[in-house]
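[1] Need a 3D model of the following:
(chains A, B, C and D)
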2 protein chains.
Amino acid sequence: MLQLTKRTEYGLLALVHLAEREGAVVSVREICERYPLPRRTVAEVLKELQHAGLVDSTRGSNGGYTLARTPELLTLGDVVSALEGAPPLTTCESPIVLKGGGCEVQPMCPIKSPIHRVRERLWQMLEHTTLRSLVSKTAHVPLGAPGAVESN
Amino acid sequence: MLQLTKRTEYGLLALVHLAEREGAVVSVREICERYPLPRRTVAEVLKELQHAGLVDSTRGSNGGYTLARTPELLTLGDVVSALEGAPPLTTCESPIVLKGGGCEVQPMCPIKSPIHRVRERLWQMLEHTTLRSLVSKTAHVPLGAPGAVESN
DNA sequence: GCAAACCGCACTCAAAAGGTGCGGATTCAA
DNA sequence: TTGAATCCGCACCTTTTGAGTGCGGTTTGC
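    Residues are numbered from 1 along each chain as shown, chains lettered A, B, ... in the order given. A predicted model of the protein is given here:
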């Protein structure tokens, strides 16, 4: 499906919240008090984002996460590629080949190259959408009412 | 995943082949002799495309499919929306809402509107990619060697 | 009549996505 | 020093979605 995964949504929401808190160390708990998301899954996503170098983690009692870069330098492309991998968009390269030597020999199957163009345009779009542009227009909402999800 | 489904690939390949044959009635068998695709699944996809009005079908012995419109008027967006449905890109509208009234009351959750922008741009891209642009640059290859897949 | 093609329901199988159990390590503060 | 809050990491389960097939039927041309 041409759709972002829930994990990517969670990651975006978490990053938006981190950006709103501007450098503060933010715990998973706080994020899940702001948004009704499953705590464990969000934690896993943050961990992946940390491994990808998008956020830094602080362990211990007052630990949590912070953005590793400014929101201007964090793009949707970074998030998607960290959580879903670079998008192949089709599996054309692997199984589907023209009979009698098509894609393999002559790298110009009738469908592959246009799809590649679509993919590249999509990818450019993702890479030019910064986290800042996802935050800037929205008021800096103070912490909302508590109530995480894990307890369900 | 930010990726087209195999069915969409099959549909595109089939439509490209239909376009190459310029109005001829093309059977599923012929398509599967051209590309090593599972016959039944391709048939199912063609059927869906027919229900969506993208192709016309002819029943009987020399039956098959033809394009319902010229390749200039058939877009990637038509194909994707016929086979995958209009892309929501996120499920933001349904389950994820800000606590204490966010998306519901004030339709401006910090993540929804930018995602919508991304979605719309992607959608525009799909709608401006015509089947013609997927075919034009490739030579009109004559029928290749036979050999469908169903027999596997 | 027979073969080739499309039609349509429903079903199975496999892969992906989403989420959780459980124990551990680290840090802060009382 | 003890305990609570936090992140860490592996492995597992459940649900959803995607891909493909069984099987019988209908339509059409030779």
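
[2] Going by C-alpha atoms from here, please, whenever you check contacts or count neighbours.
    Fine.

[3] Would you mind giving the secondary structure of residue A:66?
    When the structure is split into helix, strand and coil by DSSP: H, G, I helix; E, B strand; the rest coil, residue A:66 lands in strand.

[4] Show me which residues of chain A sit near DNA strand C.
    A:5-8, A:38-41, A:44, A:58-62, A:84, A:150, A:152 (CA under 7 Å from any atom of the strand).

[5] give me every residue that touches residue A:42.
    The neighbours of residue A:42, taking CA atoms under 8 Å, 6 or more residues apart in numbering or on different chains as the test, are A:7, A:10, A:11, A:14, A:28.

[6] show me where chain A has strands.
    According to DSSP state E, chain A carries its strands in the segments A:55-58, A:64-67.

[7] Comparing these, which comes out most buried?
    Ranked by mean neighbour count under mean count of other CA atoms under 10 Å in any protein chain shown, the strands of chain A are led by strand A:64-67, which reaches a mean of 23.

[8] anything in that one near DNA strand D?
    Yes: against DNA strand D, strand A:64-67 shows contacts by CA under 7 Å from any atom of the strand at A:64, A:65.

[9] what about residue A:78, distance to DNA strand C?
    Using CA to the nearest atom of the strand, to the nearest Å, one gets 16 Å for the distance from residue A:78 to DNA strand C.

[10] Quick check: that residue touching residue A:125?
    No: contact criterion CA atoms under 8 Å: residue A:78 and residue A:125 do not qualify, at 11.6 Å.

[11] Looking at the two, which has the bigger crowd around it?
    Each of residue A:78 and residue A:125 has its neighbours counted (other CA atoms under 10 Å in any protein chain shown); residue A:78 has more, 22 against 17.

[12] helices and strands of chain A: which one bottoms out on pLDDT?
    The element with the least model confidence among the helices and strands of chain A, by mean pLDDT, DSSP states H and E, is helix A:112-127, at a mean of 72.

[13] for chain A, which spans come out with low pLDDT?
    Residues of chain A that meet the criterion pLDDT under 70 lie in A:86-118, A:136-152.

[14] Residue A:18 - how many residues pack around it?
    Burial of residue A:18 is recorded as 21 neighbouring residues (other CA under 10 Å).

[15] My guess is it contacts residue A:67. True?
    Yes: with contacts counted by CA under 8 Å, residue A:18 reaches residue A:67, the gap being 6.5 Å.

[16] who are the neighbours in contact with residue A:123?
    When contacts are counted by CA under 8 Å, 6+ apart, residue A:123 touches residue A:77.

[17] And residue A:25, by the same measure?
    With contacts defined as CA under 8 Å, 6+ apart, residue A:25 is in contact with A:58, A:62, A:63, A:64, A:65, A:66.

[18] switch to 6 Å and redo it
    Contact partners of residue A:25, counting by CA atoms under 6 Å, 6 or more residues apart in numbering or on different chains, are A:64, A:65, A:66.

[19] measure it to residue B:6 for me?
    In this view, residue A:25 and residue B:6 are 43 Å apart by CA to CA, to the nearest Å.

[20] hey, what's in contact with both of residue A:78 and residue A:125?
    Once CA under 6 Å, 6+ apart is applied, it turns out that residue A:78 and residue A:125 contact no residue in common.

[21] Return the residues of chain A in contact with DNA strand D.
    Residues of chain A that fall close to DNA strand D, judged by CA under 7 Å from any atom of the strand: A:1, A:26-29, A:43, A:46-47, A:50, A:57-65.

[22] Of the residues you listed, which belong to helices?
    A:28, A:29, A:43, A:46, A:47, A:50 (DSSP state H).
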